[in-house]
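A.B. asks: Sharing a model that was predicted from the sequence below.
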Amino acid sequence: MPPMGLSEQQFQIYLEKKIIPTRLRVYNVLRSWISDHFEDWAENTDLIKNFGEFAERRLAADMPREREKIMKLLRDKVNTILFFVLFSKKPGHSWTV
């Protein structure tokens, strides 16, 4: 929350100097989490779903370009895991549903 009583000009400065850099730092942590540590929670579908919903809801409002990037990264990671799971069967094993 910005300090109370700021003029429009002061608020714009606060936004540029405090809010936007903080949002970018949080975005970078989230992006790194997906990029570098996705395998740690890849089997937790609730976490993946909640993270995707969070990104869609919060980042869409405040950082639409970053939302697109992080959602693409999340989709790519999930698709990689799905591909690995689907096609890592050993030869000779039957597929059962």
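C.D. replies: That came through, no problem. Quick caveat: nothing in here was measured; it's all calculated off a predicted structure.

A.B. asks: what's the least confident helix or strand in the protein, going by average pLDDT?
C.D. replies: The helix or strand of the chain with the lowest confidence, counting by mean pLDDT, DSSP states H and E, is helix 60-62 at a mean of 87.

A.B. asks: what does that helix rub up against?
C.D. replies: By CB atoms under 8 Å, 6 or more residues apart in numbering, the residues outside helix 60-62 that reach it are Arg23, Arg67. (C-beta placed from N, C-alpha, C; glycine too.)

A.B. asks: swap in stretch 67-86?
C.D. replies: Outside stretch 67-86, the residues that reach it (CB under 8 Å, 6+ apart) are 27, 30-31, 34-35, 38, 42, 48, 51-52, 55-56, 59-60.

A.B. asks: quick one: that stretch to chain centroid distance?
C.D. replies: 11 Å (CA atoms, centre = their mean, to the nearest Å).

A.B. asks: Might you list the low-confidence residue ranges for this structure?
C.D. replies: 89-97 (pLDDT under 70).

A.B. asks: Kindly recompute the last result at 80.
C.D. replies: Residues of the chain meeting the criterion pLDDT under 80: 1, 84-97.

A.B. asks: Strands along that one, start to end?
C.D. replies: Applying DSSP state E to the chain gives no strands.

A.B. asks: Which positions within the top helix by length along the chain qualify as buried?
C.D. replies: When the chain is parsed with DSSP state H, its longest helix is helix 64-87. Neighbour-count burial for helix 64-87, with 16 or more other CB atoms under 10 Å as criterion, is recorded at Glu66, Arg67, Ile70, Met71, Leu73, Leu74, Lys77, Val78.

A.B. asks: got it, and stretch 22-32?
C.D. replies: For stretch 22-32, by 16+ other CB under 10 Å, it's Arg23, Tyr27, Leu30.

A.B. asks: Please apply the same query to stretch 43-54.
C.D. replies: Applying 16+ other CB under 10 Å to stretch 43-54 flags Ile48, Phe51 as buried.

A.B. asks: So that it lines up with my notes, have the first residue be 438 from now on.
C.D. replies: I'll keep to 438 as the first residue from here, and by that count the last item is stretch 480-491.

A.B. asks: Just the CA atoms of it, as CSV, please.
C.D. replies: Taking Å, rounded to 0.1, in the frame of the first residue of the first chain, the C-alpha atoms of stretch 480-491 are listed here in CSV:
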residue,chain,number,x,y,z
GLU,A,480,3.2,-34.2,-9.4
ASN,A,481,1.2,-31.9,-7.2
THR,A,482,-1.7,-31.1,-9.6
ASP,A,483,-3.5,-28.9,-7.0
LEU,A,484,-0.4,-26.7,-6.7
ILE,A,485,-0.1,-26.4,-10.5
LYS,A,486,-3.7,-25.5,-10.9
ASN,A,487,-3.6,-23.0,-8.0
PHE,A,488,-0.4,-21.4,-9.4
GLY,A,489,-2.0,-21.1,-12.9
GLU,A,490,-5.1,-19.6,-11.4
PHE,A,491,-3.0,-17.1,-9.4
